[in-house]
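>>> Requesting a structural model of the entry that follows:
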Amino acid sequence: MTTINDSTVVAEITDLYLKYEQALSNNNLEVMDSLFWDAPEVVRFGITENLYGGDEVRNFRQNRPNPKIEREISNLKVVTFGKDAATVTLEFCRIINGVERFGRQSQTWYKFTEGWKVVSAHVSLLPV
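Down below sits the predicted model:
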């Protein structure tokens, strides 16, 4: 039977996610890239973009018009499935063009031999 929310795995994923969040807010491309699976199968659906494969994700980040993403996160939830799979979901608030916007994010993480990687991600804004 699969163990749901093993406390050690939850703590590990939470720490990795917070590392990702810090890298996102500081536009640390090296850290963000290291936490995403570098494979053609990785998917990242963003607010205005659909990215397929590590090359598209990396290219988007390198050319993002507003590279520093400052936001306040809430309702961070980590759910783990055994020792090799996890999901991270959260809500966020950020100011875009002077307007307070609310959004949500989800990530699926998988533990490869080289460590945990995001294999799928989705970011969306709620309507104004």
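>>> List the contacts of Y110.
Y110 sits next to W37, D84, A85, A86, W116, K117, V119 when contact means Cβ atoms under 8 Å, 6 or more residues apart in numbering. In short, each C-beta sits where N, CA and C put it, glycine included.
>>> Using TSV, please lay out the residues you listed together with neighbour count and distance to S74.
Below are these laid out as TSV (neighbours: other Cβ atoms under 10 Å; distance: Cβ to Cβ, whole Å):
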residue	neighbour count	distance to S74
W37	21	26
D84	13	28
A85	17	24
A86	26	19
W116	20	23
K117	19	25
V119	18	24
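>>> Could you spell out the sheet neighbours of the longest strand that the chain contains, each with its direction?
Looking across the chain with DSSP state E, the single longest strand is strand 99-112. Sheet pairing here is set by DSSP bridges, and for strand 99-112 it gives strand 85-96 (antiparallel), strand 115-125 (antiparallel).
>>> I'd like to know which of the ones you listed lies nearest to N66.
For these, proximity to N66 was assessed by Cβ to Cβ; strand 85-96 is nearest, at 8.4 Å.
>>> neighbouring contacts of that closest one?
By Cβ under 8 Å, 6+ apart, strand 85-96 touches 9-10, 13, 17, 69-80, 100-111, 116, 125.
>>> again, 6 Å this time
13, 17, 71-80, 101-110 (Cβ atoms under 6 Å, 6 or more residues apart in numbering).
>>> quick one on the thing from earlier: tabulate the strands paired with strand 99-112 in CSV, adding columns for mean pLDDT and distance to F45.
What follows is the strands paired with strand 99-112, written out as CSV (pLDDT from 0 to 100; distance: least, Cβ to Cβ, whole Å):
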stretch, mean pLDDT, distance to F45
strand 85-96, 96, 14
strand 115-125, 98, 5
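>>> Redo these as JSON lines? Include distance to V43.
Shown next, in JSON lines, are the strands paired with strand 99-112 (distance: least, Cβ to Cβ, whole Å):
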{"stretch": "strand 85-96", "distance to V43": "14"}
{"stretch": "strand 115-125", "distance to V43": "5"}
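>>> Brilliant, that's me finished.
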